[in-house]
Structures are given as structure tokens and as C-alpha cells.
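J.: My questions concern the predicted model and sequence given below.
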Number of protein chains: 2
Amino acid sequence: MFEIKPKTFHKILVGVDDAPDARAAFAYAVGKAKRDGSELGIVSIHETNTVNVFQALDKDYVHTSRQDLEKRIDEYVQAAIDYGIDPKKITAIVDEGDRPAERICNHVIPEFQPDLLIVGSISKPGNRKVVGSQASYMTKHAGTSVFVIRTEEIRDYQ
Amino acid sequence: MFEIKPKTFHKILVGVDDAPDARAAFAYAVGKAKRDGSELGIVSIHETNTVNVFQALDKDYVHTSRQDLEKRIDEYVQAAIDYGIDPKKITAIVDEGDRPAERICNHVIPEFQPDLLIVGSISKPGNRKVVGSQASYMTKHAGTSVFVIRTEEIRDYQ
């Protein structure tokens, strides 16, 4: 027979945003990082493509939005520390681009070099079987192991 | 702040074949199933499309090939038992189709109803960043959380 040695991951990157799927991905990543003693990168991409032309012209708007993102990342970092992750093992990454999934695969991952990417994906009513385009893109192009954690939107609001 | 409760999975399905990536996926699935006390489904698809026209005409060839597959699945089951998984919690599934990934998503998963699918994917030299089409298809269409475990082919042979 063959020997079973489950792979452990040394450097986990988790993508977070406001959605409940990100919370599930984050919770899983933190639990795993604590169990395995892994380094943990927490990344959030400031989506420049969601900003409309009026907002883009208003420098304060963009500035505030990115500030909010940085504040939120700090909350995630604090939650990870409270859960028992060594602060020295946590890296907070705030980046920006108009396509977050591409930015993560082509810029954040080559820089941070994780061996596992954890992301969330919400099942939407009417399209519950197919994974979101962001998660799907990252699975294909991350160049590393990828864990897509699905959350059923319906379950969250019932 | 928010509460961190890492999701646990109750029913894990792992896809296996001969490749080293399947071994890595299997090892991870078994480790996780043992830790979480999950049910474990081990699935292998007899690929009817890899059989050439002469082999297809030779009924003995196809028969032997599916028998080999069933024998191999038994080895995986035994390995899981040896690792400490309760035999009552293990389901061995041998199925067949010309597109294994589609067969898993459209037939095996609706039947077995796992909440996590674990599959392997080999990074091939020259195309090391992009995940295989099978793993990518399953991530998109499994309708459940998916963990793609990448193995670097080069590392295995060095």
C-alpha cells in the first residue's frame, strides 16, 4: 500500500471583502493557520472598477473608500490575533485594481508566494450550482492550491 | 468584531486516479475526514473516452480496465481504514463516463451529496500556472466547496 502523509501548508493567503462568503473563507483560513502554524496573508483588493465616473472625479470618495478597506483589514487582523494567530505571522495586504481576481493572481500571489489560496463564493438563488467568476478565475490561475468555500446565500438570510 | 467559527465539513468526496496529484488529494481528504469525523466518499471514474477504437471493440480490454479500477479503489479504501477512518463512514464509488469531471459534477455529486469535493491537479512544466481543465471544471460546477490540491510534477521527479 501507499503511505498517507497529508500535505500541510506553510503560507496561506485568504481573500476578504464585505460578503458573507469572505467571512467563511476567513474563518476557515484562520482555523487552519492556527492548527498548522502557518503564516497568514489577508488580502483585500480595492476595486477601482466599481467607482463610477463622478466618484472617480471626487478624490475624497476614492480616498475614503480605500481608507475604509484598510480599516476593515485591520479588523480582520485583530480577529486573527484574538483567535490565537501570532501577530508576527500575519501580513495584511491592501491592493487595488479593476479586476480583483486578476490582481490577486498576477500581482499579490507572485509577491507573497502562498502555497494555498482560500477564497469564498456565494451560491446565488437561480444559479446555485455555478461558482462565481472571481473564484473560478483564481482557481485556474493562482498557480497554487486553492480552496473555494461556498456559502449559500439563502441559508444566511433565512 | 465578528466571531470566528471555522466551517466543518460532514461529507467529503475525493476524486482519485493513478496520478500523483490524486495521491496528494486523497491523503489530504483522509487526514481531514479523520480530524473532523466526516463521512468519506472515494470516487474514481472509468474514462471511456481514453479507450481507442480497437480497445473498444475488444470487450475484454474494457472489462479488465474497469476491474483494475475497482481493485485500486479497494486499495484506497483499505489505506483510509489503516489511517483510522471508520469503515462504516467510507463509500467507494466507481462510475464511468467519457468526461470524468462532468460525470462527477452531474451524477456522483447529486447522488452522494458531499459538502466538500477534494481533487488534485498537477502543474505541468511549461504551463505551471494554470490548473488542469478537469479541476477547473469541477470547481465551477460542483455546486459545493472545492479544494484543489496542486502537486508540482517537477518536484515529484527531482
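T.: Here it is on my side, so go on. Since the model is a prediction, treat every value here as computed from it, not as a measurement.
J.: Not counting its neighbours along the chain, what's nearest A:G84?
T.: Closest residue to A:G84 apart from its sequence neighbours, by C-beta to C-beta, 6 or more residues apart in numbering or on different chains: A:K34 at 5.3 Å. (Each C-beta comes from the backbone N, C-alpha and C, glycine too.)
J.: Surely that neighbour forms part of a strand?
T.: No: counting by DSSP: H, G, I helix; E, B strand; the rest coil, one finds A:K34 to be helix, located in no strand.
J.: so it sits right up against A:D86, yeah?
T.: No: with contact defined as C-beta atoms under 8 Å, A:K34 does not reach A:D86; the gap is 9.2 Å.
J.: isn't A:T8 right next to A:K32, touching?
T.: No: between A:T8 and A:K32 there is no contact under C-beta under 8 Å: 9.4 Å.
J.: which neighbours do the two share?
T.: A:S38 (C-beta atoms under 8 Å, 6 or more residues apart in numbering or on different chains).
J.: the more surrounded of those two?
T.: A:K32 (19 against 14; other C-beta atoms under 10 Å in any protein chain shown).
J.: Which residues are in contact with that one?
T.: A:9, A:12, A:38, A:118, B:6.
J.: which one among those gets closest to B:D98?
T.: A:I118 (32.7 Å; C-beta to C-beta).
J.: so how many other residues sit close to A:E75?
T.: Residue neighbour count, defined by other C-beta under 10 Å, stands at 12 for A:E75.
J.: typo on my end, it should be A:D82
T.: The burial count for A:D82: 12, using other C-beta under 10 Å.
J.: which stretches of chain A form helices?
T.: A:20-36, A:53-57, A:59-83, A:100-103, A:109-112, A:133-141, A:153-157 (DSSP state H).
J.: In CSV, list the ones you listed along with mean pLDDT.
T.: Shown next, in CSV, are the helices of chain A (pLDDT from 0 to 100):
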stretch, mean pLDDT
helix A:20-36, 91
helix A:53-57, 67
helix A:59-83, 83
helix A:100-103, 92
helix A:109-112, 97
helix A:133-141, 87
helix A:153-157, 48
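J.: Which among those helices is found nearest to B:D95?
T.: helix A:133-141 (23.2 Å).
J.: What angle do helix A:20-36 and the closest one make with each other?
T.: 40 degrees (axes from the mean of the first three to the mean of the last three C-alpha atoms, to 10 degrees).
J.: Report all helices and strands that helix A:133-141 contacts.
T.: Where contact means 3 or more C-beta pairs under 8 Å, 6 or more residues apart in numbering or on different chains; DSSP states H and E, helix A:133-141 is packed against helix A:100-103, strand A:116-123, strand A:145-152, helix B:133-141.
J.: now with 6 Å?
T.: helix A:100-103, strand A:116-123, helix B:133-141 (3 or more C-beta pairs under 6 Å, 6 or more residues apart in numbering or on different chains; DSSP states H and E).
J.: how about these in TSV, adding mean neighbour count and distance to B:P110?
T.: Below are these laid out as TSV (neighbours: other C-beta atoms under 10 Å in any protein chain shown; distance: least, C-beta to C-beta, whole Å):
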stretch	mean neighbour count	distance to B:P110
helix A:100-103	20	28
strand A:116-123	26	15
helix B:133-141	21	11
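J.: Having no further points to raise, I will conclude here.
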